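Participant: Need a 3D model of the sequence below.
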Amino acid sequence: MMTLRIVMSDKPRRPATYEDLEALPPHYVGEIIAGELYASPRPATPHALAASSLGGELIGPFQRGRGGPAGWLILDEPELHLGADVLVPDLAAWRRERMPQLPRVPALTLAPDWLCEVLSPSTEARDRAAKLPVYARAGVRYVWMVDPDVRTLEVFRLEDARYVLLNTWEGEVSVRAEPFEAIELSLRVLWEP
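Facilitator: The predicted structure is shown next:
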C-alpha cells in the first residue's frame, strides 16, 4: 500500500484544507497533519483483518457488556478533528462518561480515550512520528499499535504529555492490556485468516 503526500503545487505551499481532503478519490483515506494532506488507499487484507478482529473482540465486553464491564463506545475509522489536524485512526473508543451518546456528525472533535493504529509499511512512520504527537496534545490516554506483518501489539499510555511504552507482545499469546485488561485478548485472532 502506497501513501501519497500531496503537494498542492510548485508555488509556495499553503496548508491543506478540508476541501482538499474531500477532493480525494473515494477509495483513499485522507488525513491532514500539520497542514499537509496525506492520502492512502484502503488497507490491504491483513491490515483490515487485524482492525476488524480487534474491534470485534472489544465491542462485546466493553461496549455491550457481554462478558465485560461495558462503559465504552468503540468506532471503526472515525474521522477526528483535533485542532487543525484531521486524523482517521483504525479504531477509537470513548468512555461513556465522556461521550454518553454518539453525536450525529460526520467528524468528532472530542478526543478518544483509546485508539489503535494498525501499521503498514507505508503508514508506520506517519503513525509513529506525525500522529502520536497530535494524539498526545489532544490527550488520548492510550494508543495501541498493531503490526500484522510482524504480529505485534504495542501498548502506550500518555504520561506527562508523552507516550510511555507499557508492553510489546508478539505472536499468538493471550494478553491483558490497558485499558481493556478486564478481559484476556488472544492475539491469534488478529492474524488468523
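
Participant: tell me the contacts of residue 189?
Facilitator: Applying Cβ atoms under 8 Å, 6 or more residues apart in numbering to residue 189 gives the contacts 53, 54, 56, 57. Every residue, glycine included, has its C-beta placed from N, CA and C.

Participant: In terms of helix, strand or coil, where does it fall?
Facilitator: With DSSP: H, G, I helix; E, B strand; the rest coil as the basis, residue 189 sits in helix.

Participant: quick one: it and residue 79, what's the gap?
Facilitator: Note on residue 189: its distance to residue 79, by Cβ to Cβ, to the nearest Å, is 26 Å.

Participant: And for the residue positioned nearest the centre of the chain, nearest residue in space, chain neighbours not counted?
Facilitator: In the chain, the residue lying closest to the centroid (Cα atoms, centre = their mean) is residue 89, at 2.6 Å. Once flanking residues are discounted, residue 89 sits nearest to residue 115: 4.2 Å by Cβ to Cβ, 6 or more residues apart in numbering.

Participant: Give me the neighbour count for that neighbour.
Facilitator: When counting by other Cβ atoms under 10 Å, one arrives at 25 neighbours for residue 115.

Participant: what helix or strand does it sit in?
Facilitator: Per DSSP states H and E, residue 115 falls inside strand 114-118.

Participant: packing partners for the helix or strand where residue 86 lies?
Facilitator: According to DSSP H and E, residue 86 maps onto strand 85-87. Using 3 or more Cβ pairs under 8 Å, 6 or more residues apart in numbering; DSSP states H and E, the elements in contact with strand 85-87 are strand 28-33, helix 132-138.

Participant: could I get these as JSON lines with mean pLDDT and mean neighbour count?
Facilitator: Formatted as JSON lines, the helices and strands packed on strand 85-87 follow (pLDDT from 0 to 100; neighbours: other Cβ atoms under 10 Å):
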{"stretch": "strand 28-33", "mean pLDDT": "95", "mean neighbour count": "20"}
{"stretch": "helix 132-138", "mean pLDDT": "98", "mean neighbour count": "19"}
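
Participant: Endpoints of stretch 135-142, how far apart?
Facilitator: One end of stretch 135-142 sits 9 Å from the other (Cα to Cα, to the nearest Å).

Participant: just how off-centre is it within its chain?
Facilitator: Per Cα atoms, centre = their mean, to the nearest Å, the displacement of stretch 135-142 from the mean C-alpha position of its chain is 12 Å.

Participant: Repeat that for stretch 91-99.
Facilitator: 13 Å.

Participant: start to end distance for it?
Facilitator: End-to-end distance for stretch 91-99: 16 Å, by Cα to Cα.

Participant: Next secondary structure after the top helix by length along the chain?
Facilitator: With secondary structure taken from DSSP state H, the chain has its longest helix at helix 45-58. Toward the C-terminus, helix 45-58 is succeeded by strand 72-76 as the next helix or strand (DSSP H and E).

Participant: and that following strand, what other elements does it pack with?
Facilitator: Strand 72-76 is packed against helix 45-58, strand 91-95, with contacts defined by 3+ Cβ pairs under 8 Å, 6+ apart.
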